[in-house]
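Participant: The following comprises the amino acid sequence and a computationally predicted model.
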Amino acid sequence: MKRIYRTLGLLVVLAVTALFILYVVRSLRGHDLSVYATPRSALGIVLAALIWPIAALPLALAWRTMLGGVGTKKHWRELYGVMGISQFAKYIPGHVAQYAGRVGMSLARGIPARALAATLILETLLMIAAALAVGVGTGIFSNVGLGLVLHHGSQLAVVAALVALAIAGLFVLRRLAPPLLQRLAPKYAPPLDGSLLPPTIDLVRAFVLYCVMYLMTGASSIVLAGFLLPSAPQDYWLLVASLTLAWAVGFVTPGAPAGFGVREGLLLLMLTPAYTAASASILIIALRIVTTLGDVFILGSGLILLPKRDFKPLGTNTSP
């Protein structure tokens, strides 16, 4: 079943990517692209990409906050290093390699398996929730974005409700699981006690940090558009909303390496009402270059920040 799921996801990715490439080729036909191959454009790409390793800092801080909530103290530099190095594996289809690498590095550096599993699940749910909050929250300040939000409001509401139910379900599980397991399977009850999840205040802090991360990556798209399309009318709110929501869709799409193809298709759908077809296509291609280059910068930052020391045995905590 998992193989069929991944295969179908990969076919969807290939189809969307092919349609996107076809649309771009048709949109750019007859346009002089040399205007975009300028030092100004190259500078814009580099500056936009440099924002990404800075935007990754809230991710590490959010993870540190949630780990602290379940009794595991780690320095943000170490967590940034683990995330920065392992995240580059997301370019392998399926998102599996990224999490496998992160789990392996985390366990090797003394993060307990229970705390790791709980925080990774919460991270996924909170990042999707934050993407919806930032995407909708910024989109309503744009006329085009507001129209898209209203048009797809029911779908967004369903996704938001599912995420909220999943998070609420974890807290219900925290209360119900120990007594149920004590009665039905006593030997499994101790590992699932009330400390399984971080306190609510830590989850709120992590959610805010994820929102900050999305706003920073949105700022990257604004910088890029300003350098790449200096004479075009800009819709900054739409840029932030589009990039954020496209990330969320690409993240949950099975088989998409780093959301490739799926994000581009959604970006094209959201940006073309505000930009010409040629401008939107050029901007989307440049955004893919920026995100890839940004991931390289994050990888380099992770290698630099990761403490160079012997790995600790499992369950050993370090001071923040």
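Facilitator: Received, thanks.
Participant: Show me where the stretch 1-150 of the chain has its helices.
Facilitator: When secondary structure is read from DSSP state H, counting those that start in this stretch, the stretch 1-150 of the chain shows helices at 2-28, 39-55, 57-69, 76-86, 96-108, 113-139, 143-151.
Participant: Which one of the ones you listed lies nearest to residue 218?
Facilitator: Closest approach to residue 218 among the helices of the stretch 1-150 of the chain is made by helix 113-139 (6.9 Å; C-beta to C-beta). All C-beta spots, glycine's among them, are computed from the backbone N, C-alpha and C.
Participant: what's the average pLDDT for that closest one?
Facilitator: Taken as a whole, helix 113-139 has an average pLDDT of 88.
Participant: Show me which residues of it are buried.
Facilitator: Counting neighbours by 16 or more other C-beta atoms under 10 Å, one finds that the buried residues in helix 113-139 are 114-116, 118-120, 122-139.
Participant: cool, stretch 102-116 as well?
Facilitator: Applying a neighbour-count criterion of 16+ other C-beta under 10 Å, the buried positions in stretch 102-116 are 102-103, 105-106, 109-112, 114-116.
Participant: again with stretch 44-56
Facilitator: With the criterion 16+ other C-beta under 10 Å, stretch 44-56 contains buried residues 44-45, 48-49, 51-56.
Participant: will you turn these into CSV that also has pLDDT and distance to residue 277?
Facilitator: Putting these into CSV (pLDDT from 0 to 100; distance: C-beta to C-beta, whole Å) gives the following:
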residue, pLDDT, distance to residue 277
44, 92, 20
45, 90, 21
48, 95, 22
49, 92, 25
51, 96, 27
52, 94, 27
53, 95, 32
54, 96, 32
55, 95, 29
56, 95, 32
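Participant: Throw the residues you listed into TSV and include distance to residue 306, thanks.
Facilitator: Listed next are the buried residues of stretch 44-56 as TSV, based on distance: C-beta to C-beta, whole Å:
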residue	distance to residue 306
44	30
45	27
48	25
49	21
51	21
52	18
53	13
54	17
55	18
56	13
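Participant: where along the stretch 201-320 of the chain do the strands fall?
Facilitator: For the stretch 201-320 of the chain, strands defined by DSSP state E, counting those that start in this stretch do not occur.
Participant: all helices for it, in order.
Facilitator: 236-252, 262-271, 277-305.
Participant: Distance check, residue 205 against residue 77.
Facilitator: Distance from residue 205 to residue 77, counting by C-beta to C-beta, to the nearest Å: 19 Å.
Participant: For residue 54, which non-adjacent residue is closest in space?
Facilitator: residue 216 (6.5 Å; C-beta to C-beta, 6 or more residues apart in numbering).
Participant: Quick check: that neighbour touching residue 55?
Facilitator: Yes: using C-beta atoms under 8 Å, residue 216 is in contact with residue 55, at 3.7 Å.
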